[in-house]
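Visitor: what follows is a protein structure lacking sequence information:
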């Protein structure tokens, strides 16, 4: 059974190679999409090559709806997008994948059913299919080189669906079980280094000493050290002192 | 020669299959990226399987930089991102592809060189590679199913680079050579239909006529008709009248 998450249906129209149907199912499930519909797949259905390629996303193929025509496949949908690489002599809104999936998320939240049509590998959708769509999705590719395959087009659209429908964590710090050092620990580290470097004759000439200390303190705070980083830096300095004291 | 467009270098670290290097070159060039660097490709370099798979983007392979180590490959870069699917016991910022490529665009505009590391197909980057990176890129995939391959990871990162570095046209209307109808033309169309439908006895009962006319006028304006749509609608009505007058 498909998941309960409200989402658009991705409709593969007259797909040719089973492998590409399988790859599309994986691309969809990467972004949590599991409502696939198929219109007249060239090599019949089910297709063992699709199953072989879908590893881990095979459930999407088991649950896929099979239709004879594009009209049948979208009959329950209130809004239909068509993906196409080239311009088609039809007066129709053309939107970016980002805008399309934002629109889809709004419509789905309002209870409407939305479908996205993807054409066959070689030729893409026919104008007869596109005339049934409310808007066209055009991926902003390099005008000198537009060569997205079926699964890549599904992948980018699915990626934009996930961006539009879930809260993306744009930036976090992976802490690897470590805590950030507190100011007092950074302060003690700076003092430790200053004291030992003073003894070692590092701050020379004397009139530059203050500036050199500031540069080093600034470095410690700019680095955002963890507690274990601080311990390691203490250890490095202690070891250098021990080495010097061993005198070998 | 690579293009003059300032852009990040995409570094494939120890890639295994030549086909995947070729597919990555196509994924890059789809989004106008043509600075590929390779670190120790498993099957040597050049690789005929990469060339066969790169059709149309083969220039990227000819121009690709070849390096023995990750350190060599990024030695001229001021900021390095590493793509990785799983968490790595290293304290490091983790950013979304969108945030990463926005940062890259800012840094590149400020004259800094930026690289993005992509790991080998099976295992991904090693911690030794990741420790050289300033930040990690993590694609927001379905936590139950994260199965992006090398070329797909390159594709999504390249897509975000294009989104960050070029003005995307989020919505336009493809006009197919047509002009929008002007208000006066819509007005005349509405009058034509009202007059003929009046003669045909459509507006019945009389007390509902005004409301029915408003619904139809609202429909014409909501549809955003082109001049050729208006001509076709006039033609439909004229033909219905002719048919009635022929009386067959």
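Guide: Sure thing, it's come through. What you are looking at is a predicted structure, and each value in this text was computed from that prediction instead of being measured.

Visitor: where does the prediction get shaky in chain A?
Guide: Low-confidence segments of chain A, defined by pLDDT under 70, are located at A:248.

Visitor: tell me which residues of the lengthiest helix in it are tucked away?
Guide: What stands out as the longest helix in chain A, according to DSSP state H, is helix A:227-246. By 16 or more other CB atoms under 10 Å in any protein chain shown, the buried positions in helix A:227-246 come out as A:229, A:230, A:233, A:237. Bear in mind the C-beta positions are built from the backbone N, C-alpha and C, glycine included.

Visitor: dump those residues to TSV, plus distance to chain B.
Guide: Formatted as TSV, the buried residues of helix A:227-246 follow (distance: CB to the nearest CB, whole Å):
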residue	distance to chain B
A:229	8
A:230	12
A:233	14
A:237	21
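
Visitor: closest to residue B:105 among these?
Guide: When the buried residues of helix A:227-246 are ranked by distance to residue B:105 (CB to CB), residue A:229 comes first, at 30.4 Å.

Visitor: so where do the strands sit in chain A?
Guide: A:9-13, A:36-39, A:65-67, A:79-83, A:92-95, A:114-118, A:135-137, A:171-174 (DSSP state E).

Visitor: from residue A:27, how far off is the residue sitting nearest the centre point of chain A?
Guide: Nearest to the geometric centre of chain A sits residue A:159, at 6.1 Å (CA atoms, centre = their mean). Per CB to CB, to the nearest Å, residue A:159 is found 9 Å from residue A:27.

Visitor: hmm, residue A:94 is touching residue A:134, no?
Guide: No. Residue A:94 is beyond contact range of residue A:134, at 11.6 Å (criterion: CB atoms under 8 Å).

Visitor: out of these two, which sits in the more crowded spot?
Guide: Just comparing residue A:94 and residue A:134: by other CB atoms under 10 Å in any protein chain shown the higher neighbour count belongs to residue A:94, 19 against 16.

Visitor: wait, what's in contact with the more buried one?
Guide: A:135, A:136, A:137, A:138, B:171, B:172, B:173, B:174 (CB atoms under 8 Å, 6 or more residues apart in numbering or on different chains).

Visitor: now the buried members of the residues you listed.
Guide: For the contacts of residue A:94, buried by 16+ other CB under 10 Å: A:135, A:136, A:137, A:138, B:174.

Visitor: could you work out the most separated pair of these?
Guide: Farthest pair in the buried ones among the contacts of residue A:94, by CB to CB: A:137 and B:174, 12.1 Å.

Visitor: so which elements touch the longest helix of chain A?
Guide: When contacts are defined as 3 or more CB pairs under 8 Å, 6 or more residues apart in numbering or on different chains; DSSP states H and E, helix A:227-246 sits against helix A:183-199.

Visitor: now tabulate the contacts of residue A:94 in JSON lines and tack on distance to residue A:80.
Guide: Below are the contacts of residue A:94 laid out as JSON lines (distance: CB to CB, whole Å):
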{"residue": "A:135", "distance to residue A:80": "8"}
{"residue": "A:136", "distance to residue A:80": "10"}
{"residue": "A:137", "distance to residue A:80": "11"}
{"residue": "A:138", "distance to residue A:80": "15"}
{"residue": "B:171", "distance to residue A:80": "17"}
{"residue": "B:172", "distance to residue A:80": "19"}
{"residue": "B:173", "distance to residue A:80": "17"}
{"residue": "B:174", "distance to residue A:80": "16"}
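
Visitor: for these, which one is nearest residue B:37?
Guide: Distances from residue B:37 to the contacts of residue A:94, taken by CB to CB, are shortest for residue A:138, at 30.7 Å.

Visitor: and the closest one, how far is that from residue B:170?
Guide: 10 Å.

Visitor: which residues do the two both contact?
Guide: A:95, A:96.

Visitor: endpoint to endpoint, stretch A:109-125 covers what distance?
Guide: 28 Å (CA to CA, to the nearest Å).

Visitor: does any bit of it sit next to chain B?
Guide: No. Applying CB under 8 Å from any CB of the partner chain, one finds stretch A:109-125 separated from chain B by no less than 14.0 Å.

Visitor: tell me which residues of that stretch come out buried.
Guide: Neighbour count says stretch A:109-125 has A:113, A:114, A:115, A:116, A:117, A:118, A:119, A:120, A:121, A:124, A:125 buried, by 16+ other CB under 10 Å.

Visitor: and the furthest pair within these?
Guide: Most distant of these, by CB to CB, are A:113 and A:121, 26.3 Å apart.

Visitor: which one of the buried residues of stretch A:109-125 sits closest to residue B:57?
Guide: residue A:121 (18.4 Å).

Visitor: which ones are touching the closest one?
Guide: Contacts of residue A:121 (CB under 8 Å, 6+ apart): A:15, A:16, A:17, A:20, A:149, A:150.

Visitor: filter these to the buried ones?
Guide: A:15, A:16, A:17, A:20, A:149, A:150.

Visitor: between these, which is nearest chain B?
Guide: residue A:149 (9.0 Å; CB to the nearest CB).

Visitor: from residue B:32, how far out is the closest one?
Guide: The value you get for residue A:149 to residue B:32, if CB to CB is used, is 18 Å.

Visitor: before we move on, what about residue A:209?
Guide: From residue A:209 to residue B:32 the distance is 52 Å (CB to CB).

Visitor: and these two? which has more neighbours close in?
Guide: Shown here are residue A:209 and residue B:32; by other CB under 10 Å, residue B:32 has more neighbours (20 against 15).

Visitor: the more buried one reaches residue B:6, doesn't it?
Guide: No. Taking CB under 8 Å as the definition, residue B:32 is not a contact partner of residue B:6, at 11.3 Å.

Visitor: still on that earlier bit, isn't the residue nearest to the centre of chain A right up against residue B:155?
Guide: No. The criterion here is CB under 8 Å, and residue A:159 misses it with residue B:155 at 9.3 Å.

Visitor: overlap in contacts, the two.
Guide: Between them, residue A:159 and residue B:155 share no contacting residue, judged by CB under 8 Å, 6+ apart.
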